[in-house]
Structures are given as C-alpha cells and as structure tokens.
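Visitor: Fold the following, please.
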Amino acid sequence: SILSYSLLEKPNWLEIINGSIIKGIPSNNDIGKNKVIISAYDGFNSPVKQELNINVINVNDPPEINKKINLPIISQGQELNYKLTTTGFKDVDINVDSNEKLKYEVIAKENSSKSLDFINIDNSTGEINIIASNDNVGETDFLIRASDNYGLFVDQEVSIKVLNINDPPFKTNNFPEIKKPINVFVDDLVSIDISNWFDDLDIAIDENEKITFDILEDDGSGSLKSITDLEIFNWIEFNSDKNLLNINAKGENIGNHFFKVNAKDREGVISSSIFSVKVNYINNKPFLNYSKEQIVEEVISKGLESV
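Guide: Residues are numbered from 1 along each chain as shown. Modelled structure (predicted):
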C-alpha cells in the first residue's frame, strides 16, 4: 500500500509537495525551534503521527534603509541636533540577536571635496550634531553609514542645506592702524588703493556682494567732513569709483590728521575704523644767495672778511 502524509501542525513557511516532500524557506522571524507533527496513513489502519522540531539558525543579515533621512534647512550660525537617524535604518537581526547593534558614522561622498568637519554623529545613538558657519553655506551632500556587529553595512545619502546670514565687513591686516599712520611728505603726490583694507565673508558666496567706502575727515571743527568724490580741491580726497585715496599735502598740512572710514556692504551694514595721515616737512639743503662771479667781485672790492 502507498502511505499518504499530512502535516497536523507546522509553521507557515513549511508545506508538503508531491505528497511526500516537506519543503519551505524560513524567514528571520522563524529563527529558533519550529514544531512539526506529521501524520502517515496507509488507507486501512489508523493513522500514526510523529513529532519533530526543526531548529532554524540565524544567518546575519545586512542593515537596510528603513526610510529617507530628511534634515531640516538651517541658517549660518545655527546648531542642529537631529535624533531620528535610527529610524532611517533597520536590521532584522536585532529582533533575534541580543548582541546585535548598529553603529553610525558620517562618510564623504566619492570625489567630494567639501569639508564635513561641521557634521558630527554619535556612533551609538546616531544623533547628528551640526554647527554651520559661513564656510558651510549652500548644500552639502554626504553619506550616513549604518554597520552591524559583523561588519555588514548600508549607506544612505543625506543632504544639509545652510542658508547665508549677511556678515558685516571686517578690517584686514592691511588696514593702517593709528599706531602706524600713513606717512607722506609735503608736495608728494600719493594715491593709495584702500580696497584691501576691509573684506566681507559674503563675497565668496554671493556674487552680488560688494563693499563701498566713504571717508570722513576730522577737520578740528567738531564735526566730520566727507572727502569722498569732492568737486573742489582739497589736499586729500577719496575717489570712490577707483577706491583711491589721493593725497597732495602742502606746507599748511604738516602734522597729524585723523580720518574715519566707513565700509558698507550691499545690505547697508557698516563697519568703521579710524586711521591717520602724517604730513612731514622736507628738510631743504642750504643754497647760495650769490653766483660765483658775484662772490669774486665782492671779495675783490671789499676784501675776504666782508664775504
């Protein structure tokens, strides 16, 4: 007689095919002991049954991307703490292996030259900390890597966008401080380009950013007088088109003179500082009041002692 088989108790993943073959593929959820009770019947006698246990052993699975990580847009100078990184990844082994745990790290994208120094991640919790500066304005793409205890990993591409906040102009090392005045001499014609006296961080990231200058003279009257683009002669004048400080000092200008320079960016933010110009007297060498012929004639007529 031919025996017929049936499964009286079985896991969902197991079945009988062709009447006598038990077949199935367990999933990660089936790890551990799976109870199976098989019944055999010959068509005449009472069926007999046998119980067996199939032990499904875990095989390490790699981490997976669970959902996309979308970081919020932040502004320059703002700090971001993002605690939802762990929801962006999953590992099915965590449910069956008490020792399994994901670790997180920030990875630069291939061929990317952008610095990621402003992005930090807690390797254990996945919390992302970002403090953006002017250098980070714009969009920065990077990878977050989730690795399991066995070295398997998955990378997710993430992007952070940093908005620019207008920065004021600032003095550079080229600015002539009070302790080091600009020295000129009487009757000298001097032109000084002041373009590099100030700089602005926004110039590197905003093509429309520009610094304009205005220079004011302390003429001793208690008020400041602009010397920018003067239409009448003055011994010192600032040409705003060329950013040139033009100086043509005379004798009456000998001494120290103090000026205020205003550096203004495109949004009207002004930075100011004081500088001085020192006009120096030129010492002239002695000269003869008489020609050689006049001296000889004087000696002949009046004697040497008269000269």
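Visitor: Please count neighbours and contacts with C-alpha atoms only from this point.
Guide: Will do.
Visitor: Please, where are all the strands along the stretch 51-200 of the chain?
Guide: Assigned by DSSP state E, counting those that start in this stretch, the strands in the stretch 51-200 of the chain fall at 64-65, 74-75, 79-82, 89-90, 103-107, 119-121, 128-131, 138-147, 153-163, 170-171, 182-185, 189-193, 198-199.
Visitor: And the ones you listed: which comes nearest Glu231?
Guide: Within these, the stretch nearest Glu231 is strand 189-193; the backing value is 17.4 Å (Cα to Cα).
Visitor: closest to Tyr281 out of the strands of the stretch 51-200 of the chain?
Guide: Comparing the strands of the stretch 51-200 of the chain by Cα to Cα, strand 182-185 comes nearest, at 6.0 Å.
Visitor: What is the closest one packed up against?
Guide: Other helices and strands packing on strand 182-185, by 3 or more Cα pairs under 8 Å, 6 or more residues apart in numbering; DSSP states H and E, are strand 270-280.
Visitor: Look up phi and psi at Asp61.
Guide: The phi and psi values for Asp61, taken as degrees, to the nearest 10, are phi -100, psi 150.
Visitor: give me the element Leu7 is part of.
Guide: Following DSSP states H and E, one finds Leu7 within strand 4-9.
Visitor: elements contacting that strand?
Guide: Other elements packing on strand 4-9 under the criterion 3+ Cα pairs under 8 Å, 6+ apart are strand 14-17, strand 32-41.
Visitor: so what's the residue nearest in space to the middle of the chain scoring on pLDDT?
Guide: Among the residues of the chain, Asn136 comes closest to the average C-alpha position under Cα atoms, centre = their mean, at 2.2 Å. pLDDT, Asn136: 94.
Visitor: about what we covered before: ok, which of the strands of the stretch 51-200 of the chain comes nearest Glu237?
Guide: Set against Glu237 and scored by Cα to Cα, the strands of the stretch 51-200 of the chain come closest in strand 189-193, at 9.6 Å.
Visitor: The residue nearest to Leu52 when sequence neighbours are not counted: what's it in contact with?
Guide: Of all residues not flanking Leu52 in the chain, Val36 sits nearest, at 5.3 Å (Cα to Cα, 6 or more residues apart in numbering). Taking Cα atoms under 8 Å, 6 or more residues apart in numbering, we find Val36 in contact with Leu7, Leu8, Glu9, Lys10, Pro11, Glu51, Leu52, Asn53, Ile54.
Visitor: you'd agree the fifth one is up against Ile31?
Guide: Read it as Pro11. No - the pair Pro11 / Ile31 is not scored as a contact, 11.3 Å apart, by Cα atoms under 8 Å.
Visitor: so where's the stretch 151-300 of the chain shaky on pLDDT?
Guide: Scanning the stretch 151-300 of the chain with the threshold set as pLDDT under 70 gives 284-292, 294-296, 298-299.
Visitor: Tell me where it has helices.
Guide: Taking DSSP state H, counting those that start in this stretch to define them, one finds helices in the stretch 151-300 of the chain at 292-302.
Visitor: now, which of the contacts of Val36 sits nearest Lys90?
Guide: Distances from Lys90 to the contacts of Val36, taken by Cα to Cα, are shortest for Pro11, at 25.1 Å.
Visitor: measure stretch 143-151 end to end?
Guide: Start-to-end span of stretch 143-151 (Cα to Cα, to the nearest Å) is 17 Å.
Visitor: going forward can the numbers begin at 129, since that is how I track them
Guide: Shifting the count to begin at 129 puts that one at stretch 271-279.
Visitor: Would you indicate which residues of that stretch are buried?
Guide: Buried residues in stretch 271-279, counted by 16 or more other Cα atoms under 10 Å: Leu271, Ile272, Arg273, Ala274, Ser275, Asp276.
Visitor: one step back: do you know how far the residue nearest to the centre of the chain is from Tyr409?
Guide: Distance of Asn264 to Tyr409, given as Cα to Cα: 52 Å.
Visitor: Cool, thanks, signing off.
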